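Peer 1: Following is a predicted model, sequence given first.
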Amino acid sequence: MLDYQSAHAKKRVRFARAEEETLFEQRAENRDHQPQLRVERGGQGSCGRWMVTVTLCTSFLGLGMCISVLGPTLEDLAKNVNKNISNISYIFAGRATGYIGGSLLGGILFDFVNPHLLLGFSMLVTSFGMFAIPFCKKALILTVLVSSVGVTMGILDTGGNVLILNTWGDQSGPHMQALHFTFAAGAFVSPIVAKMLFGHEPVSDQNASVTVEAATNNSKAVTSVLHFFHSKGFVQMSMWAYIVIGAFVMLASMLFFILCSRSPSSAEKTSSTSGKQLIAKHHMVLIVLLSLFFFWYVGAEVAYGSFIFNYAKNYVGMSQTQAAGMNSLFWGSFAAFRGLAIIFAACVYPGTMILLSLVGCTISALLLVLFSRHEVALWCCTALYGASMATTFPSGISWVEQYTVVTGRSAAAFVVGAALGEMVLPASVGFLLDRVKDQPVLMYLALMTATVTSILFPVMYKLASPGRGDADESDRQALLDSEESGGGGDLEADQWNDADFEVIEMDDTSLVNSPSKVRTSPPDASPRLIAPDNTITFLTDSPRRKLMLDREKND
């Protein structure tokens, strides 16, 4: 017989009552209720999010108008400052430099300043610059003014992309496409405003009496005001396009200030955002590669849109009207498919849209090289090339946001890469066109950029996609984050789950009194539920069980 009295240590047994719910069941119920809570909370703020989207689209419509109005009015700007067009073409470089600086500045400020206030202020400064451009009589002042407008437009471009991502999160695809569609629409409308609305004016010796036959039916009051200022020699007639666009941009800035007055404070935003931000393992490499991707993509887009007119006229031998139609076809298909992308983005992944765009760009560029002098192929492939390039930039931002967080600095890197491509590649094409006139340089550039971007995207996808071990680790981290963000319900469930496990204390004396039970019971028998009439002491923190024990003692 074993000497059970020599041992004084207490044995502890833990078990859970089968009739009570466990933590896992309660957490399953909490998971079922949490999506419904998210939907309800999202429904409460959906009106505000739509207001932000409408305001951003309005501002990007004005941004597109501000950028594209410079080309059609360049001749009148040169007359204003008594220069030739070739002598003031450097204002494009000044605007691009300001655009890059504004993108960098906006990327830094966006993480520390209220975004609505920052964008509203930048739009307001842009409107003042647009108002002042028609009255510049010095080339140097005009360059400084255009550069300052470029700074504020760079801030808007960077901040607008980040704000639409922060507003809609995983659902930002269609809204990002809508944002860039309005930009393309503004770029399409601006030349019409500059040349068709205000561009019709007969030339006289003293500019003393000018009759304006506008394309639209303007009121007599507005026409008389335009005649008065123009007869005094203040501005050229097409310069009124800057004033109209500036007024529109000022209206958009007022909308941002209204949103700023109604938006919650930064402390409330911080408290309402729970969970950790997703940062990819190769975050910096992804940002750099995507910026390089946008460098080639935007550079090819601007170069093709800028030189397709000269290419069709000088290399293919088309008439001026046909060449202008070719240019309009490219930008028209570009804008139309950006509009259709709003619908496609709701049901197609951003990566799939990028892949389709790259395939379309590569095929069309290859055909443009092979049939560089064939007019029918040039018309068809130009339309396909413009349609294929339409969705790449907004889809690229939406795609990378799925794998890593896009901050203001990240968006600034994207815009800077795009702006550098807009500066370098068109300048390179313009330099080569005059020296290699017997070669389709523009089509070679289109094929080269399509090839480079088709190589870069798989590399970025490989870096963004986590391996098997990284995926398991991210899943575990996501579960931990969801448990931390569960709120009071999970904490209460944890407390009741702790109460489900009881601690039974048995001394060796109870075992000595009934040694036969010990010998007859198997050594590895699983613990059984103990009836209430046993002489076992329950040590627990559960209030309900304490009440039950008190009742048993009283009985």
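Peer 2: Arrived safely. Residues are numbered from 1 along each chain as shown.

Peer 1: Enumerate every residue touching residue 153.
Peer 2: Going by Cβ atoms under 8 Å, 6 or more residues apart in numbering, residue 153 touches 63, 66, 67, 98, 99, 102, 122, 126. In short, each C-beta sits where N, CA and C put it, glycine included.

Peer 1: Please report the distance of it from residue 462.
Peer 2: 35 Å (Cβ to Cβ, to the nearest Å).

Peer 1: helices or strands next to the strand or helix carrying residue 457 in the packing?
Peer 2: Following DSSP states H and E, one finds residue 457 within helix 441-464. In terms of contacts (3 or more Cβ pairs under 8 Å, 6 or more residues apart in numbering; DSSP states H and E), helix 441-464 is packed against helix 283-310, helix 350-370, helix 392-401, helix 408-433.

Peer 1: Other residues contacting the shortest one?
Peer 2: In other words, helix 392-401. Contacts of helix 392-401 (Cβ under 8 Å, 6+ apart): 161, 165, 172-173, 176-177, 179-180, 286-287, 290, 293-294, 297-298, 338, 341, 345, 350-351, 353-354, 357-358, 361, 406, 411, 414, 418, 453, 460, 464.

Peer 1: Out of the helices and strands packed on helix 441-464, which is the most enclosed?
Peer 2: helix 392-401 (a mean of 25; mean count of other Cβ atoms under 10 Å).

Peer 1: and the angle from it to helix 350-370?
Peer 2: 140 degrees (axes from the mean of the first three to the mean of the last three Cα atoms, to 10 degrees).

Peer 1: quick one: contacts for residue 161?
Peer 2: 176, 179, 397, 406, 411, 414, 415.

Peer 1: Out of the residues you listed, flag the one nearest to residue 137.
Peer 2: Using Cβ to Cβ, residue 415 comes nearest to residue 137 of these, at 32.1 Å.

Peer 1: Can you flag which of the contacts of residue 153 belong to helices?
Peer 2: 63, 66, 67, 98, 99, 102, 122, 126 (DSSP state H).

Peer 1: For stretch 148-164, C-alpha coordinates in CSV please.
Peer 2: In CSV, the C-alpha atoms belonging to stretch 148-164 read as follows (Å, rounded to 0.1, in the frame of the first residue of the first chain):
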residue,chain,number,x,y,z
SER,A,148,3.8,78.8,-58.4
VAL,A,149,0.6,77.5,-59.9
GLY,A,150,2.4,74.3,-60.7
VAL,A,151,3.4,74.0,-57.0
THR,A,152,-0.3,74.2,-55.8
MET,A,153,-1.4,71.8,-58.6
GLY,A,154,1.2,69.3,-57.4
ILE,A,155,-0.1,69.5,-53.9
LEU,A,156,-3.7,68.9,-55.2
ASP,A,157,-2.6,65.9,-57.3
THR,A,158,-0.8,64.2,-54.5
GLY,A,159,-3.3,64.9,-51.8
GLY,A,160,-6.3,64.1,-53.9
ASN,A,161,-5.1,60.5,-54.6
VAL,A,162,-4.3,59.9,-50.9
LEU,A,163,-7.6,61.4,-49.7
ILE,A,164,-9.7,59.2,-52.0
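
Peer 1: Can you list the buried residues in that stretch?
Peer 2: 148-164 (16 or more other Cβ atoms under 10 Å).

Peer 1: where does residue 155 sit relative to residue 178, distance-wise?
Peer 2: Residue 155 is 21 Å from residue 178, by Cβ to Cβ.

Peer 1: so who does residue 183 touch?
Peer 2: With Cβ under 8 Å, 6+ apart, residue 183 has these contacts: 60, 61, 63, 64.

Peer 1: Roughly how far does the last one sit from residue 177?
Peer 2: Per Cβ to Cβ, residue 64 is found 15 Å from residue 177.

Peer 1: Have a look at these two and say which one is more surrounded.
Peer 2: The neighbour comparison of residue 64 against residue 177 (other Cβ atoms under 10 Å) goes to residue 177, with 28 against 23.

Peer 1: Go through the contacts of residue 183 and flag the one the model is least confident about.
Peer 2: Least confident by pLDDT among the contacts of residue 183: that is residue 64, with 87.

Peer 1: was I right about that residue contacting residue 191?
Peer 2: No. Residue 64 sits out of contact with residue 191 when judged by Cβ atoms under 8 Å, with a separation of 11.0 Å.

Peer 1: So for residue 363, what pLDDT did the model give?
Peer 2: 96.

Peer 1: hang on, isn't it packed against residue 380?
Peer 2: No. Using Cβ under 8 Å, residue 363 makes no contact with residue 380, being 11.1 Å away.

Peer 1: What ranges in this protein fall below the confidence cut-off?
Peer 2: 1-45, 86, 195-236, 263-278, 280, 466-555 (pLDDT under 70).

Peer 1: Show me where it has its strands.
Peer 2: Applying DSSP state E to the chain gives strands spanning 11-16, 501-506, 537-539.

Peer 1: can you tell me which residues contact the residue nearest to residue 95 when sequence neighbours are not counted?
Peer 2: Residue nearest to residue 95 in three dimensions, not counting chain neighbours: residue 150, with 4.0 Å by Cβ to Cβ, 6 or more residues apart in numbering. Shown in contact with residue 150 (Cβ under 8 Å, 6+ apart): 94, 95, 96, 97, 98, 99, 101, 102.

Peer 1: Would you mind giving the domain segments of the chain?
Peer 2: 46-265, 278-463 (automatic domain parsing).

Peer 1: and the closest residue to residue 255 other than its chain neighbours, how many neighbours does it have?
Peer 2: The spatially closest residue to residue 255, leaving aside those adjacent along the chain, is residue 55, at 4.4 Å (Cβ to Cβ, 6+ apart). Neighbour count of residue 55, defined by other Cβ under 10 Å: 23.

Peer 1: Distance check, residue 55 against residue 290.
Peer 2: Applying Cβ to Cβ to residue 55 and residue 290 gives a distance of 26 Å.

Peer 1: Kindly report the same for residue 442.
Peer 2: 25 Å.

Peer 1: For residue 136, grab phi and psi.
Peer 2: phi -80, psi 130 (degrees, to the nearest 10).

Peer 1: Excluding chain neighbours, what is closest to it?
Peer 2: residue 142 (4.2 Å).

Peer 1: Residue 104 too?
Peer 2: The shortest distance from residue 104 to any non-neighbouring residue, by Cβ to Cβ, 6+ apart, is to residue 412 (5.3 Å).
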